[in-house]
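In: sequence below, structure please.
(one chain, ligands or ions: 2)
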Amino acid sequence: MPHLFNFFRSLLHSLFPTVDSEAQCTFCGKTQTQTKFIVAGPGVNICDECVHLCNQTFAEQKQKATTAREGRCSFCGKTQTPLMAGHAVTICEECVHLCNQIIAEQQGA
Ligand SMILES: [Zn+2]
Ligand SMILES: [Zn+2]
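Out: Numbering: from 1, shown residues only. Ligands and ions are numbered 1, 2, ... in the order given. Reported below is the predicted structural model:
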């Protein structure tokens, strides 16, 4: 679904415009200088390490066929999607995938 993907990516770019130099990961608390990359969301940020961790967690969840946690994604606000909860924020699988893309683009540029 390339069209859908591009839509979500442009949506994410509008949600996560540029990286704040003083950004701090809302999941693990690391700052921009302590990690390679931070994706800034609407009031929440996630670093590349946490995105990587989410990737693994979602992959494990699929293998175990567990049901999604209840909650709302702190990044896009969706509820009907697999979610991963941090200390104070939650991120859905779609946003994790989009973060992967953004990080890959930033690192590949
Ligand atoms: Zn983090
Ligand atoms: Zn989301």
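
In: starting at the chain centroid, how far to stretch 24-38?
Out: Here stretch 24-38 shows a centroid-to-chain-centroid distance of 13 Å under the convention C-alpha atoms, centre = their mean, to the nearest Å.

In: now swap in stretch 81-99 and tell me
Out: Relative to the chain's own centre, stretch 81-99 is displaced by 6 Å; criterion: C-alpha atoms, centre = their mean.

In: ok, and for it, which residues are buried?
Out: Of all the residues in stretch 81-99, those buried under the rule 16 or more other C-beta atoms under 10 Å are 82-84, 86, 89-99. Glycine gets a C-beta too; all of them are placed from N, C-alpha and C.

In: quick one: end-to-end length of that stretch, please.
Out: Length of stretch 81-99, first residue to last, C-alpha to C-alpha, to the nearest Å: 16 Å.

In: re the thing from before, keep only the buried residues of stretch 81-99 that also lie close to ligand 2.
Out: Here is what survives when these are matched to ligand 2 using C-beta under 5 Å from the ion: 92, 95.

In: surely residue 46 meets residue 39?
Out: Yes: in this structure, residue 46 is within contact of residue 39 by C-beta atoms under 8 Å, at 5.3 Å.
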